[in-house]
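Q: Have a look; sequence and predicted model below, questions after that.
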Amino acid sequence: MGDLLQLLVSGTATGAIYALAALGFTLLWQASGTINFAQGEFVMLPAFAILLFLGMGAPLWLAFLLACAVAMALLGATFKRVIVDPLIRHGVIPLVIATLGLSIGIKQTVKGMFGAQAHPFGSPFPADQFALGGVNVSYADIGTLLLAGLIVIGLQTFLNKTITGRAMQAVAQNTDAARVLGIDVRRMVLYVFLINAILAVVAALLSAPTYLAKFDMGDSIGQKAFFAAIIGGFNQTRGALLGGVLIGIMENVVGFYVSPAYKEAVALIIFLLVIVFRPEGLLGKAEERKV
Amino acid sequence: MIIDIHRHCITAPKALETWRNRQVAGFTKSAETPRASELRICRRIVGPMRSIARISAFLLSLALAQPLLAQTQSVKIFGLVELSGTGATSGTNFNDGVKLAVKEINAAGGILGRKVEYTASDTQSQPQVAKALAVKAIDDGAYAVMGPVFSGSILVSMAETKRAGIPNFTGGEAAAITQQGNPYIFRTSLTQTTAMPRVARYVKDNVKAKTIAIIYTNNDFGKGGRNVFMKALEPQGIKVVADISTDPGQLDFSGAVLKAKQANADALFVYTNEEEGARALRELRKQGYDRPIVGETVLASQKVIELAGDAANGAVAHVGLSADAPDPGIRAFAGKFQKEYNYKPDHNGLKGYTGMYLVKAVTEKLGKFDPKAFADAMHGIRLSAKEYPGILMDVSFDKNGDLDRESFMVKVVNGKQEVIATLPPLSSGK
């Protein structure tokens, strides 16, 4: 029983990181119909931005904030302006291909600048751990859960309780009706891109200490985020959370009870099952295609 | 001025110039073409310029002959090293080691009175490039070839040095390199086959473990090492209670570490590449693993320590070569290396340095430059560091080109390797 609890705790922590990336994924989809296959690189790039600022002598919190600013400018506003806006009117496929290309471009640029080797990345949390009801819990896991939880709750509150947040939801549900109501659609969509960038920086801060900052660290995260979003339901933000945490836990459970060798297949298997038996996702609502 | 293919220099006499001009003019008006018999040069027409021309020709020939002279006297050593690509860390270390040795050897008068001329070229960590560079080194008249360090590269490039009959020193550690009956290949370090029995012996005698868990990377390197280690454990009576395979490039080690914890073994053996080793150590620390963690070379290497940070502290590993070994010669080497290149050498730096000194030692023992005799002499040779200080440690080579010498158990303390035991060579019978 202790084992299972232990697996649940560390699995949820890993899953929380997937969930953050998956959340950005679904938000982008809902607001602008963008499927971002460079989401993993959106996590990798801030990790290196943080390293860069740390290298300049900034403390971690400042490096994090600076990385947020850079990510919002580069991965939020510039991404939208330069890639999404010109391509979105041609449909989903050109944009998918463009983000795939962007993913390769970002990876190779980082490889060119920082080399192909992994770089150490300090943890924002203390390395110790404590026993809790027979389970060893590390501060890193708890910190990850708390920070990710805080971000998610904050985001939900923002979306549901503020006028801007509700306006963003309105845009996501029906763009035309939102426009008729006098909502600045373009501004709301831009906000979504900025939020996605911040989520990516947080995911970077939480994942890089154990994964090490490396040019291809986004491959796995981006893939898991995509699966998590589909599993949970692409049109539900809560779905992305469920999908991410589910993958995180199941990976740990399978890695322990079956074999670590099969761990990487877990997300794919759940993904397949969901696609076959519940294509709209676990929490998703079947959606009429907007014409 | 005319310089012929033998680099002889003469001044062109006026008569030749006149004749040549007529010949050139003859290309358009054939009637003016001079006959060969009309070209007559006798000494007298050189005239008053003679002595000046003679002196300048003499001086020039001296200047031209200088490199020619040096060429016949210097010994050419070629380095095929990973200066870019995935092996950049290893290759740069190895190359700088060789360069340092060459510098010292030349400062002390060279080998048998001849200067060493070292040329390094970059294999880009790719076997096919290494092979092409080996061919070039042979064409350029190599006496010995140093490198590559990557096992995959040397396995390909050594076919060329074998064909040409040129001694080839490598930093590669894969068992296959010396199992192909190549009489010209020599190692500069121990291999998995020679290292693992020492690790097993250490686990039994010092850790006093009866059971052990293994985490390894499922690639040629990791699986090969794990197989050899398992075999080495048998005679020591140590039981493997958990055999945990992980993927190359694996990010998340929580499952593997939990499994290792669960196995409740007396010790844990971690055999992965650098990055995975660092991730495993970080996860082990995170989950509070408190049993001894043992590895081989990689686990306590500079890169893993850098990546894993505090989590590397306490890890114990067997290393064939360590810049921190408690040996005045090695300490002195590490100091000189740090001063020259401004970074701390790892085991590959030592491989390059000692490899170059092996070339010097064996050549001087032979008393002549003969690649074939050199290779013959290497097999079964025994060299003492007292007699040849550059090789740093007593070393012996067997008939395959594998070497045997002392090695060390190191422990990571405060982010630094600390030698906790010196293990005798296998051939000492202990």
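A: That came through, no problem. Residues are numbered from 1 along each chain as shown, chains lettered A, B, ... in the order given.

Q: Am I right that residue B:249 is in contact with residue B:276?
A: Yes. At 7.3 Å, residue B:249 counts as touching residue B:276 under the criterion of C-beta atoms under 8 Å. C-beta here means a position set from N, CA and C on the backbone, and glycine is covered the same way.

Q: So the two - more neighbours on which side?
A: The neighbour comparison of residue B:249 against residue B:276 (other C-beta atoms under 10 Å in any protein chain shown) goes to residue B:276, with 29 against 17.

Q: Now name the helix or strand holding that one.
A: Following DSSP states H and E, one finds residue B:276 within helix B:274-286.

Q: same check, this time on residue B:121
A: strand B:116-122.

Q: Check residue B:149 too.
A: Going by DSSP H and E, residue B:149 is not in any helix or strand.

Q: burial count for the residue of chain B found nearest chain A?
A: Proximity to chain A, evaluated over chain B using C-beta to the nearest C-beta, is greatest for residue B:255 at 2.5 Å. By other C-beta under 10 Å, 28 other residues sit near residue B:255.

Q: pLDDT weak spots in the chain?
A: Just so you know, I chose chain A. Along chain A, segments meeting pLDDT under 70 span A:1-2, A:134, A:287-291.

Q: wait, I meant chain B there
A: Those would be B:1-2, B:9-10, B:41-72, B:86, B:428-430, if you go by pLDDT under 70 across chain B.

Q: Stretch A:100-110 near chain B at all?
A: No. Judged by C-beta under 8 Å from any C-beta of the partner chain, stretch A:100-110 stays clear of chain B, getting no closer than 14.1 Å.

Q: Restrict that stretch to CA atoms and write it as CSV.
A: This file holds the C-alpha atoms of stretch A:100-110, laid out as CSV (Å, rounded to 0.1, in the frame of the first residue of the first chain):
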residue,chain,number,x,y,z
LEU,A,100,6.1,21.1,-36.6
GLY,A,101,8.7,23.2,-38.6
LEU,A,102,8.9,25.6,-35.7
SER,A,103,9.6,22.8,-33.3
ILE,A,104,12.6,21.6,-35.4
GLY,A,105,13.8,25.2,-35.8
ILE,A,106,13.8,25.9,-32.1
LYS,A,107,15.5,22.6,-31.3
GLN,A,108,18.3,23.2,-33.8
THR,A,109,18.8,26.8,-32.7
VAL,A,110,19.2,25.8,-29.1
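
Q: For that stretch, list every residue counted as buried.
A: Across stretch A:100-110, burial judged by 16 or more other C-beta atoms under 10 Å in any protein chain shown covers A:102-103, A:106-107, A:110.

Q: Phi and psi next, for the closest residue to residue B:277 other than its chain neighbours.
A: Excluding the flanking residues, the one nearest residue B:277 by C-beta to C-beta, 6 or more residues apart in numbering or on different chains is residue B:304, at 4.7 Å. As for residue B:304, its main-chain torsions (degrees, to the nearest 10) stand at phi -60, psi -40.

Q: circling back to that earlier point, pretty sure the residue of chain B closest to chain A contacts residue A:251?
A: Yes. Taking contacts as C-beta under 8 Å, residue B:255 lies within contact range of residue A:251: 7.2 Å.

Q: shared neighbours of those two, anything?
A: Shared contacts of residue B:255 and residue A:251 (C-beta atoms under 8 Å, 6 or more residues apart in numbering or on different chains): residue A:263.

Q: how about the residues of chain B near chain A?
A: So chain B meets chain A at B:85-86, B:88-89, B:218, B:244-247, B:249-252, B:254-256, B:258-259, B:262, B:274-275, B:278-279, B:282-283, B:285-288, B:303, B:306-311 (C-beta under 8 Å from any C-beta).
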